[in-house]
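Colleague: Build me a model from this:
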Amino acid sequence: MPRGKVIKRSLDEQINMLEEDIRVAQNKLAKLQGKLKDLQKQKREEDMADLYSLVKESGLSLEEVRKALTAAPAHEAHEGDNAGQVADIA
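Modeller: You can find the predicted model right below:
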């Protein structure tokens, strides 16, 4: 069964085709990066809303929360043993 005619393209044609493929890929990448940035912004806004809710539910003032967060060394805030440290201050 015949496979069709093989078209031999010049080097200039191949270069032009490849450059077009690169332009298309760059446009797609730019769109994907924009979408990623939007999703990251949405995530940050959700995280901030969650944090605000937690602060309100705790009954602590903003100043009390600020003191609690700045009093604990940063590396301890990420350890499981000290997860309740902020709640203990109230």
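
Colleague: Count the residues that sit near residue 52.
Modeller: The local packing of residue 52 (other CB atoms under 10 Å) involves 10 other residues. For every residue, glycine as well, the C-beta is placed using N, CA and C.

Colleague: And it, how close does it get to residue 45?
Modeller: 11 Å (CB to CB, to the nearest Å).

Colleague: as a whole number, average confidence for the host helix or strand of residue 43?
Modeller: Using DSSP states H and E, residue 43 falls within helix 11-58. The average pLDDT within helix 11-58 is 97.

Colleague: same for that helix, what does it pack against?
Modeller: Helix 11-58 sits against helix 62-71, with contacts defined as 3 or more CB pairs under 8 Å, 6 or more residues apart in numbering; DSSP states H and E.

Colleague: Can you pull the domain assignment for the chain?
Modeller: Domain segmentation of the chain under automatic domain parsing yields 9-58, 59-90.

Colleague: of all those, which lies closest to residue 3?
Modeller: Checking the domains of the chain against residue 3 by CB to CB gives domain 9-58 as the closest, at 17.2 Å.

Colleague: Compute the distance from the centre of the closest one to the centre of its chain.
Modeller: Relative to the chain's own centre, domain 9-58 is displaced by 9 Å; criterion: CA atoms, centre = their mean, to the nearest Å.

Colleague: tell me the centre residue of this protein?
Modeller: In the chain, the centroid-proximal residue (CA atoms, centre = their mean) is residue 40; its distance is 4.0 Å.

Colleague: Please report the distance of that residue from residue 63.
Modeller: For residue 40, the distance to residue 63 - CB to CB - is 30 Å.

Colleague: still on that earlier bit, distance to residue 3 for the domains of the chain - can I get that in a markdown table?
Modeller: A markdown table is the format used below for the domains of the chain (distance: least, CB to CB, whole Å):
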| stretch | distance to residue 3 |
| --- | --- |
| domain 9-58 | 17 |
| domain 59-90 | 61 |
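
Colleague: Nearest spatial neighbour of residue 9, chain-adjacent residues omitted?
Modeller: In space, residue 9 comes closest to residue 17 once its chain neighbours are excluded; the distance is 7.4 Å by CB to CB, 6 or more residues apart in numbering.
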